[in-house]
Structures are given as structure tokens and as C-alpha cells.
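Asks: have a look; sequence and predicted model below, questions after that.
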Amino acid sequence: MLIIEQNPHESIREYVYRFLKLNIIDLNLPPGQSISEQDVATQLRVSRTPVREAFIKLSQENLLDIIPQKGTYVSLIDTDQVEESKFARETLEKEVIQQACADFPSEELFQLQSCLALQELCISEKNYHRFFELDENMHSIIFKGCKKARIWNMLQLMNAHYNRVRILNLKGKEFEWDQLLEQHRELVKAIREKDVALGKRTIDLHLNKVVVDLEHLRKEQGHYFLTTKQQVFTVTNK
């Protein structure tokens, strides 16, 4: 697992939760893998209490399956949740992009352009993890520039399964990073030139890509996905 530093003023409970969620979404803890409170506590050098609390919270977010008398497992990817998150992002982000193309602060536009430059560097270094972070940051900047930061934060609460699909695809398809970067360039161009049609067309293409990716990934990595809702607790020892 990727060890991260505890932030200033962050409680141990918050730190353990953030550490586990990051590693689940980044697939360092892959879907279906067993995980124990004691192992995490030992690795982070903390007591089991904050780990147990983090487990419960992640279970409530459908990222961990806690099965009595059996163990705790990283939840398999739920395609219903992926599609629901995609619907929410598509519905809200189209409206936000439309607002951004009409009026967008120069400071946030500069941040978007800086983000593009860093994404180019990530591609040259084949750093998918940092590329994903910058991708998220870019969309966050757009929402913030339109005074919709709280809506972005709300979306993040339901995006975990959606983001695991994105990470799974980024890890396996370096050649598609250029395509994503080009779409980001088009979004920034649309905002800079106040081209609403280009902005809406690009964000539609950008967000719908996950649907195509999902179909491919379920064929290639089927063991990472739930097959039906009834199988949510039937994690096998793979």
C-alpha cells in the first residue's frame, strides 16, 4: 500500500480513513482483497480503534464488505454505482461547463492552463497516479471558478466506484492518456474562447468515455466487478 503522511491538524482517525480510501480507489488494495484491522494498525503504527472506525465508515460508503465470522474485503466494483455517478456528473457538469464558458475568473483559467502543463509532464513520465490527481483537480477548479465547489465536494462522496474504473483504465492504457489530455485542452479552449457548444460537446465525450471503458474492463478484469446485486457479499478467495 502507498503510505501517505498525516496532514497537520488531521486526527489519527481521519488519517487512517484517508489512507485506506486512497489505496482502495488507487487499486493498491484491489477489489476482492482481504484486509485486517491488525495489519493496517501495525503498518501505520496506530491502535486498532481508529482503524476499526475507518473500516465502518468505508463500509457505509460501500468500499469495504465486513462479513461477520469471515473477514473484511475490499468491495467489488458496483457498475450500478458507476453509472449513477456518471449520470450525476454528466447532468451537473454540463451545466457548470456552460456557465464557465459564459464567465470564468482569470485566476482559475491560469490554474487550468498550469494543470495542463503538469499533465503533459505526467504523460512523459508515465505517472498515472499523478495524472489522475491533476484530472480531478482540473474539474474541481472549473466547479470552483463557477462558485460550485460544494457541488463538486458532494459528487466526490459518490464517485469512489466510478473513480476506480477510471484508475483501472489509466493503469492499463497509457496510449489513451493523450486522448484525455486533448479533451482537457479542448475544455480549456472552450472556456477561454467562451465557446459553449465546444464545451458541452467535449464534456459529453469526456464523461461518456467511462461507459465504453466499463464494457471493455468487465471483459478483461471481470473478477473486479459485481455480477449482480445479490453477490455483494459473495467475495471469493481469489
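Replies: Ah, there it is. Residues are numbered from 1 along each chain as shown.
Asks: per-domain residue ranges of this protein.
Replies: 12-76, 79-223 (automatic domain parsing).
Asks: need the ones you listed in a markdown table (columns: mean neighbour count and distance to Ile4).
Replies: C-beta: built from backbone N, CA, C; applies to glycine. Listed next are the domains of the chain as a markdown table, based on neighbours: other CB atoms under 10 Å; distance: least, CB to CB, whole Å:
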| stretch | mean neighbour count | distance to Ile4 |
| --- | --- | --- |
| domain 12-76 | 17 | 6 |
| domain 79-223 | 17 | 12 |
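Asks: looking at those domains, which has the lowest confidence?
Replies: Mean pLDDT is lowest for domain 79-223 among those, at a mean of 90.
Asks: coming back round to it: redo the domains of the chain as a markdown table? Include distance to Gln6.
Replies: Putting the domains of the chain into a markdown table (distance: least, CB to CB, whole Å) gives the following:
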| stretch | distance to Gln6 |
| --- | --- |
| domain 12-76 | 4 |
| domain 79-223 | 18 |
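Asks: out of the ones you listed, the one nearest Ile3 is which?
Replies: Closest of the domains of the chain to Ile3 is domain 12-76, at 7.5 Å (criterion: CB to CB).
Asks: how long is the closest one from one end to the other?
Replies: End-to-end distance of domain 12-76 (CA to CA, to the nearest Å): 27 Å.
Asks: with stretch 95-113 instead?
Replies: 21 Å.
Asks: find the centremost residue of the protein, please.
Replies: For the chain, Asn163 is the residue whose C-alpha lies nearest the centre (CA atoms, centre = their mean; 3.0 Å).
Asks: what's near enough to touch that residue?
Replies: Contacts for Asn163 (CB atoms under 8 Å, 6 or more residues apart in numbering) come out as Ile25, Phe132, Glu136.
Asks: closest to Leu64 among those residues?
Replies: Closest approach to Leu64 among the contacts of Asn163 (CB to CB): Ile25, at 12.4 Å.
Asks: find the nearest non-adjacent residue to that closest one, please.
Replies: Leaving aside its sequence neighbours, Ile25 sits nearest to Asn163 (CB to CB, 6 or more residues apart in numbering; 5.2 Å).
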